[in-house]
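Asks: Predicted model, plus sequence, below.
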Amino acid sequence: MRNCFVAILALCCLISCEKDDDYLEEETVSELGEFEINSHKTNDNPLDNIIKKAVEDSKKFTSTIAKSTFDSINGFYIDDSRYNHLKTENYESFTFNIIDGSDSLNTKYLVLATKHDSLQQIYYQSYLAVIPKADFLDIDSSEEGKILSQNISIIKFETAFLFSKTLEFDRFGDCLRVYQVTETPYCIHDDGDEPLGNNGQPTCRPGSFKTRVLIASECNMSGDGGSLGAIDPSDGSFYNDPNDASSGGGYLNPDGSTPFSPDVTCPMGSISDGNGGCIDGGGLPGSTVDEPEPLGDPNCESVANQNEDAALQAEIDKIKTHIGEKKEYGFRDRTNEINANDRFKDLEPYPNDPAKLNIDINALNIGVIHYHPKEFPEDIFGNKQSGVLTFSDQDIGVFIGTLYQSSLDTRLDPMSYDLSNYYITMITERGVFTLKFSGNKSDLIRMNAELINQSPKVIRKRKAKFKKYTQRNPEEGLLKYLSYVFGESANNLFGLFKTEDDGSISKYKLNENDELEEPTICHEI
Amino acid sequence: MRYNFLIVLIFLSFFKMNAQQTLSVEEYHDYVYNHRDLPSTVTRIIDSNNTFDKFIGSWGGSLNGLDYYFYVSKFSDSDDIYDEYESLEVRYLITQGSTIIADTRQELSLETSMFLFTMPNTQTAHFSVIDEDRCNGEMIGAFHLVGSPSSGSVLGEVFNEMQVAFSEVPGFFVENWCPNGPTPNQFPKDVIITLTKQ
């Protein structure tokens, strides 16, 4: 048993192939700074364990080759089912065993080591370590697994290797987040009226979307302020393809495109204390990014908290003064705005339709508040045009799009990332209604794809359905429309609340028969 | 015992029939335009006064070198909301000389129905058009078809002339369908085209 343990230990040491306290003298290697050649055990690091388990789960094969990734540039395999993670105060590396059938004389390793760029952001540089097999000690005779050879060649090299294609990394505030990625084929149906394919089945356009589940988070309070992704830092107004989950994040790219702060590794739920240690994260950012955890039912009290927000209510009162006018009015709320004076901003109308607001999807908008008139200005023939006295189908699209983008945006304060903070409020002659979301990021990915991957024909049918539903009863119609578009689960993912004149809050919900229940008061004054 | 069962069955059937309500098109629009909630018992919307009839047919007109043809028909359908509803649908053809600019005559149910846009009076029908590929020049918007009573007729009667206008509805994720942005509509916005019965 002991021999077995020693053998496993030695094997781990071999994989690490790193020498203790020696600074390599080769010019190409000196750039590495601290390149240690002794084994280090970092298995007590939860981040490592989670990543390793995710890799192992994705590589349940028997052969070493099957567990490995082929490096098309160099023509060998890299075993990323195991690796050694070395981390010191100023240095970090991941080392992987290389399987090179064309070279029987040397043992090779891929080392991904941290480097600083000119902006002091940290990225990974790939190195190839080559050690003559003859220079290894008999591993059975050494508990340390030290290497005799001084003929270690370590050179920079280009590799096609990505650290597990099933894992992605991104930066969220001062935290590195690790995701397990699954890709789901997605058949974009055009919902009837479609020509039949050769098999007699309705045709559809193939697509796919990625689901990223957060499996680990490593936080560093000192941070280097780096940001990732293709998000326009000016105003965040963008709309990404859901098939491109790398937007807003990135691979741990050995070619060095992924900034990464390696200063302190702390277990999930805790954060760096800035002195090399970890403290309990509590409500601090390090513990608030674990978004896959369901948030539960829509929170009536969060609406109550908004109602107690004097600044917000003052803006809403301004909008209420427009009730009766034949034009939309509204503003957006950026609670996370650093400058308090920029928190609220009026929404602008469409250039070619001044009675209707053009509401952007913007990740920074915690809330969108606007007024829907009962009537719009008469049409060109003098006929009155009826308005919708609830959230429109476009408003739903804006809300989902904003939530979706917010969940990807690395600029946001993790405290404000909580999806339950987001809201959309509608002011009509029927009252003040607020829609909240209580799902998670996976729900948003699905819903966002549902909204933007549909053909105009499907959207036309949805608009028809929206009209029919809401013309019967706006509140019931809205909830039925959400179920129609997003499935029955929408009844639990959305919460529709009405703030009464006395400040009490009622919740609207459909019953099992898809009929509106009598609203229940969920918050009393 | 068997008679009791039949009596109960007849009673229930009678009760169910009474629970279902039919509205005329005019009554329906009275609810909609006054923002009154429709009773959940309303299961049928019927053109019981044949209000739609005067719109039905082929209509044609010209503007700026283009010829516009509208084909309006009446249809009846059902869905998860209504056991039966009657509505209008419109197809169109746009030509420039012998060149076809747009043609939706072969489209399966455009369903540009009264439910999408309403009839503020018996002389006007609103149709929404959210058509196939806006990137290729088609449209998102609403037709307003306004009938003009023929000489000597009164409101609500058959007419031989009709006006049509198109107003654009602000986009619904149009930018996601069209990488290079939407192309202009084939209908001039907020310009009235006079149509005559073909």
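Replies: Right, received. Where do you want to start? Residues are numbered from 1 along each chain as shown, chains lettered A, B, ... in the order given.

Asks: List, one by one, the residues from the stretch 251-400 of chain A near chain B.
Replies: Within the stretch 251-400 of chain A, the positions near chain B by C-beta under 8 Å from any C-beta of the partner chain are A:350, A:352-353, A:356, A:358, A:374, A:379-381, A:383-386, A:389, A:393-394, A:397. Placement of C-beta: from N, CA and C, glycine included.

Asks: Can you list the low-confidence ranges for the stretch 301-450 of chain A?
Replies: Counting by pLDDT under 70, the ranges of the stretch 301-450 of chain A that qualify are A:336-340, A:409-417.

Asks: Tell me which residue of it lies closest to chain B.
Replies: A:N383 (4.1 Å; C-beta to the nearest C-beta).

Asks: Could you look up the SS state of that residue?
Replies: Classification of A:N383 using DSSP: H, G, I helix; E, B strand; the rest coil returns coil.

Asks: Kindly state the domain boundaries assigned to chain A.
Replies: Using automatic domain parsing, the domain parsing of chain A gives A:2-47+A:61-156, A:167-253+A:265-288, A:300-523.

Asks: A:S483 belongs to a helix?
Replies: Yes: checked against three-state DSSP, A:S483 lies within a helix.

Asks: That one and chain B: what is the separation?
Replies: As judged by C-beta to the nearest C-beta, to the nearest Å, A:S483 and chain B stand 11 Å apart.

Asks: give the contact list for that residue.
Replies: The neighbourhood of A:S483, defined by C-beta atoms under 8 Å, 6 or more residues apart in numbering or on different chains, consists of A:A490, A:N491, A:L510, A:D514.

Asks: thinking again about what came up before, pretty sure the residue of the stretch 301-450 of chain A closest to chain B contacts B:H144?
Replies: Yes: using C-beta atoms under 8 Å, A:N383 makes contact with B:H144 at a distance of 7.3 Å.

Asks: Between these two, tell me which one has more neighbours.
Replies: Just comparing A:N383 and B:H144: by other C-beta atoms under 10 Å in any protein chain shown the higher neighbour count belongs to B:H144, 23 against 18.

Asks: bridging residues for the more buried one?
Replies: Beta-bridge partners recorded for B:H144 (DSSP bridges): B:H126, B:A165.

Asks: Distance of it relative to B:D30?
Replies: Distance, B:H144 to B:D30, by C-beta to C-beta, to the nearest Å: 19 Å.

Asks: ok, then the element right after the lowest-mean-pLDDT helix or strand in chain B?
Replies: Using mean pLDDT, DSSP states H and E, helix B:174-177 stands out as the lowest-scoring helix or strand of chain B, at a mean of 47. Next helix or strand after helix B:174-177 toward the C-terminus (DSSP states H and E): strand B:193-197.

Asks: so what does that next one touch, helix or strand wise?
Replies: Strand B:193-197 is packed against strand B:57-63, strand B:66-77, strand B:161-168, with contacts defined by 3 or more C-beta pairs under 8 Å, 6 or more residues apart in numbering or on different chains; DSSP states H and E.

Asks: Mean neighbour count, the ones you listed: which tops it?
Replies: Comparing the helices and strands packed on strand B:193-197 by mean neighbour count (mean count of other C-beta atoms under 10 Å in any protein chain shown), strand B:161-168 ranks first with a mean of 20.

Asks: For it, C-alpha coordinates in CSV please.
Replies: Extracted as CSV, the C-alpha positions of strand B:161-168 are listed here (Å, rounded to 0.1, in the frame of the first residue of the first chain):
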residue,chain,number,x,y,z
GLU,B,161,-63.0,53.3,-53.2
MET,B,162,-60.6,52.8,-50.3
GLN,B,163,-57.6,54.6,-49.0
VAL,B,164,-54.5,52.8,-47.5
ALA,B,165,-51.6,54.1,-45.5
PHE,B,166,-48.7,52.4,-43.9
SER,B,167,-47.2,53.4,-40.6
GLU,B,168,-44.1,51.8,-39.3
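
Asks: Just want the angle from that strand to strand B:193-197.
Replies: If you take axes from the mean of the first three to the mean of the last three C-alpha atoms, to 10 degrees, strand B:161-168 sits at 140 degrees to strand B:193-197.

Asks: need the helices for the stretch 251-400 of chain A, in chain order.
Replies: Applying DSSP state H, counting those that start in this stretch to the stretch 251-400 of chain A gives helices spanning A:285-288, A:300-307, A:310-320, A:393-408.

Asks: In TSV: those, plus mean neighbour count.
Replies: What follows is those, written out as TSV (neighbours: other C-beta atoms under 10 Å in any protein chain shown):
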stretch	mean neighbour count
helix A:285-288	22
helix A:300-307	19
helix A:310-320	14
helix A:393-408	23
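
Asks: Next, format these as CSV and append distance to A:S81.
Replies: Formatted as CSV, the helices of the stretch 251-400 of chain A follow (distance: least, C-beta to C-beta, whole Å):
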stretch, distance to A:S81
helix A:285-288, 29
helix A:300-307, 44
helix A:310-320, 52
helix A:393-408, 29
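
Asks: between the ones you listed, which one is nearest to B:I192?
Replies: Closest to B:I192 of the helices of the stretch 251-400 of chain A is helix A:393-408 (C-beta to C-beta; 27.2 Å).

Asks: so where is chain A shaky, pLDDT-wise?
Replies: A:1-67, A:85, A:87-92, A:114-124, A:135-151, A:163-298, A:336-340, A:409-417, A:453, A:455-457.

Asks: interface residues of it facing chain B?
Replies: For chain A, the residues in contact with chain B (C-beta under 8 Å from any C-beta) are A:193, A:239, A:350, A:352-353, A:356, A:358, A:374, A:379-381, A:383-386, A:389, A:393-394, A:397, A:429, A:451-452, A:456-457, A:459-461, A:463-464, A:467-469, A:471-473, A:515.

Asks: Kindly recompute the last result at 7 Å.
Replies: A:193, A:239, A:350, A:352-353, A:356, A:358, A:374, A:379-381, A:383-384, A:386, A:389, A:394, A:397, A:451-452, A:456-457, A:459-460, A:463-464, A:467-468, A:471-473, A:515 (C-beta under 7 Å from any C-beta of the partner chain).

Asks: can you give me the end-to-end distance of stretch A:348-356?
Replies: Using C-alpha to C-alpha, to the nearest Å, one end of stretch A:348-356 lies 9 Å from the other.

Asks: Just the buried ones from the residues of the stretch 251-400 of chain A next to chain B?
Replies: A:350, A:353, A:356, A:374, A:379, A:381, A:383-386, A:389, A:393-394, A:397 (16 or more other C-beta atoms under 10 Å in any protein chain shown).

Asks: Need the residues you listed in a markdown table (columns: distance to A:N341).
Replies: Below are those laid out as a markdown table (distance: C-beta to C-beta, whole Å):
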| residue | distance to A:N341 |
| --- | --- |
| A:Y350 | 26 |
| A:D353 | 29 |
| A:K356 | 27 |
| A:K374 | 33 |
| A:D379 | 40 |
| A:F381 | 45 |
| A:N383 | 43 |
| A:K384 | 39 |
| A:Q385 | 37 |
| A:S386 | 38 |
| A:L389 | 33 |
| A:D393 | 33 |
| A:Q394 | 29 |
| A:G397 | 29 |
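
Asks: What is the most widely separated pair among those?
Replies: Greatest spacing in these, by C-beta to C-beta: A:F381 and A:G397 (29.7 Å).

Asks: what's the burial count for A:K156?
Replies: Using other C-beta under 10 Å, A:K156 has 13 other residues around it.

Asks: separation between it and A:D100?
Replies: With C-beta to C-beta as the criterion, A:K156 and A:D100 are 18 Å apart.

Asks: Could you do A:A129 as well?
Replies: 12 Å.

Asks: A:L357 now?
Replies: Distance from A:L357 to A:D100, by C-beta to C-beta: 62 Å.

Asks: Which of those two has more residues huddled nearby?
Replies: When A:L357 and A:D100 are compared on other C-beta under 10 Å, the one with more neighbours turns out to be A:L357, at 25 against 16.

Asks: Please look at the more buried one and A:H370 and confirm they touch.
Replies: Yes: A:L357 lies in contact with A:H370 (C-beta atoms under 7 Å); the separation is 5.7 Å.

Asks: who touches both of those two?
Replies: A:E328, A:G330, A:L347 (C-beta atoms under 7 Å, 6 or more residues apart in numbering or on different chains).
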